[in-house]
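*Asks:* For reference, the sequence and a predicted model appear below.
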Amino acid sequence: MKYVLMYTSRPDLAGETDTEAAQAIYKRVYEWFGENAGVMADSGAELLGVETATTVKHGSDGAVVVDGPFNEAKEVIGGFSVIDVADMDAAIAVVKSWPMLDLPGVAVEIRPMVEDYSHMEG
Amino acid sequence: MTSRRPTTTDDLLARTLREEAGPLVARLSRRFGDFDLAEESVQGAVVEALTSWRRDGPPQRPGAWLQVAATRNAMDGMRHRDRQRALAARADVPTTDEAGEGTDDRLALLFACCHPALAPDARLALTLRAVVGLTTPQIARAFLVHESTLAQRIVRAKRKIVSAGIALTVPPQADLTSRLADVLAVVYVMFNEGFVSSTGPAQDRDLAADAVWLADVIAASLPDEAEAWGLAALLTIQHARGRARFAEGDLVLLRDQDRGLWDHDAIAAGERLIERAASLRQPGRYQLQAAIAAVHATAASWAETDWLQISRLYEELSRHDPSPVVRLNHVVAHAQVVGPVDALARLETLAEPLAEYHLFHATRAELLTSVGRDDEAAAANRRALELTANDAERRLLTTRLHRRPLSDGS
């Protein structure tokens, strides 16, 4: 099954991380992607900060462009990947080893991907 | 223990259904590759069985009867879905051996129903339906919730199992202990709900008995897991006191229970389960609670109870479970050793975390009375009463307001 992993963090809880610590964690993230290369259907992307986000949303007189993310949640999506594993337990096992989970406020959302479009066929 | 004890037929029905339903759900899930469909089909068969078996008596081979009914429902369901989806008939349904391994099947199903990815309140409801073979109305009655609310909760959880790919498997050794803790927690709540609500509206299933049965099944299936034996021991011993807990629908406290009504064979069996657990040398909260229950259950009277031992066990328990409720129970036992004045002082440290817990106020009232602070005691009893939802407990506290207060909540 394919699952999308959404890596999120809480900037308000992140606190100050010194450069050395940040480098150490990036090294572990890099290694993590190496270790899990076998299950990556799409290693996805890391996103630039939420302050760079632009949202296009529905408006009664046509689409409206606004500055900022689409909701006011405290969690900020920092990136995503697509993994292909046997089941939910396998997905959880992969995610549990995500190095960033050592940091307060970090969370990973696991969402199954729609793969079966047979019900759309006539 | 129940004001209206299940009749023999209901009892037999319950035993048969809980033996057969779980493994059947697991087997049909594998065969049709669809847990939701399998569970729905077995639930349908259970409902049919309740009507037909009550009317005509159970068939000679109840397991086979259920399997035929559930399989027919599943085939109908498949055809219906196929039409909906305009899919070709799935003739290539993988057929696995029908016999299966009943216990492993049931265990795998149980781990899926208690999966941490499911909402906690849905885990118990789904376990009761899929693993123990209760119907939605029976569960709704037991928990005093609307059938439609409950049904929705179950449907949501089942869909998630299917769509999020939660597998019906026993977790690997590395995850077993932590996943088992989630399963045991569900069985523990199942027992307590059954134990407390036994004066509720007429029940045709004895949830507490179902929980004891399930705890036994789990321990026997995972014989190296000490806490599984610990929970089986705890529930066996608590259940053995069941008949003495109610008199004419009113709760009877441990202090006042007729110990002659306790099932002493079951208590002895519970003690053997504790020894079995202890031989594995992995202490845990259920084993400690079982040990506490055993000290109570083997005491000749309230006065002759080994309070020092109980107080020590609670102290050990609070290392595994530092919740204020455990600390409250520790104070209750401690009071029997050191007296009410010291105990009151210790109790005050729990005032904040337990402000909304009725037994905190009931305990405080008891201690205040024994030191002659009657006005404060009455106020504490009133607060306890305001916070109680359960009818039997409410009646007990009302009695206390008018009589001399009693002690613990068991």
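*Replies:* That came through fine.

*Asks:* How about the residues of chain A by chain B?
*Replies:* A:1, A:3, A:86-89, A:91-93, A:110, A:112, A:118-119, A:121-122 (CB under 8 Å from any CB of the partner chain). Quick note: C-beta positions are derived from backbone N, CA and C, even for glycine.

*Asks:* Just the buried ones among the residues you listed, please.
*Replies:* A:Met1, A:Tyr3, A:Met88, A:Asp89, A:Ala91, A:Ile92, A:Ile110, A:Pro112 (16 or more other CB atoms under 10 Å in any protein chain shown).

*Asks:* Just the ones of those residues in strands?
*Replies:* Using DSSP state E to define strands, the subset of those located there is A:Tyr3, A:Ile110, A:Pro112.

*Asks:* Using CSV, write down the CA coordinates of the lowest-mean-pLDDT helix or strand in chain A.
*Replies:* Least confident helix or strand, chain A: helix A:11-14 with a mean of 80, by mean pLDDT, DSSP states H and E. C-alpha atoms of helix A:11-14 as CSV (Å, rounded to 0.1, in the frame of the first residue of the first chain):
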residue,chain,number,x,y,z
PRO,A,11,7.8,26.4,15.2
ASP,A,12,6.4,27.8,18.5
LEU,A,13,7.8,24.7,20.3
ALA,A,14,11.0,24.3,18.3
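
*Asks:* List of residues touching it?
*Replies:* The contact list for helix A:11-14, computed with CB atoms under 8 Å, 6 or more residues apart in numbering or on different chains, reads A:Val50, A:Lys74, A:Val76, A:Leu103, A:Pro104, A:Gly105.

*Asks:* What of stretch A:15-33?
*Replies:* A:Met40, A:Ser43, A:Ser97, A:Trp98, A:Pro99, A:Met100, A:Asp102, A:Leu103, A:Pro104.

*Asks:* all helices in chain A, in order from the N-terminus.
*Replies:* A:11-14, A:19-35, A:88-96 (DSSP state H).

*Asks:* now the last one and helix A:19-35, what's the angle there?
*Replies:* For the pair helix A:88-96 and helix A:19-35, the angle between their directions (axes from the mean of the first three to the mean of the last three CA atoms, to 10 degrees) equals 150 degrees.

*Asks:* Contacts for helix A:88-96, please.
*Replies:* A:1, A:3, A:5, A:36, A:39, A:83, A:85, A:108, A:110, A:112, B:115, B:117, B:164-167, B:169, B:171, B:175.

*Asks:* What about those residues, which are in strands?
*Replies:* Reading strands off the contacts of helix A:88-96 with DSSP E, I get A:Tyr3, A:Leu5, A:Ile83, A:Val108, A:Ile110, A:Pro112.

*Asks:* Determine which two of these are furthest apart.
*Replies:* Maximum pairwise distance in the ones in strands among the contacts of helix A:88-96, criterion CB to CB, is 14.1 Å, between A:Val108 and A:Pro112.

*Asks:* for chain A, which spans come out with low pLDDT?
*Replies:* A:16-17, A:119-122 (pLDDT under 70).

*Asks:* returning to what we had before: please indicate which of the helices of chain A has the most neighbours on average?
*Replies:* helix A:88-96 (a mean of 19; mean count of other CB atoms under 10 Å in any protein chain shown).
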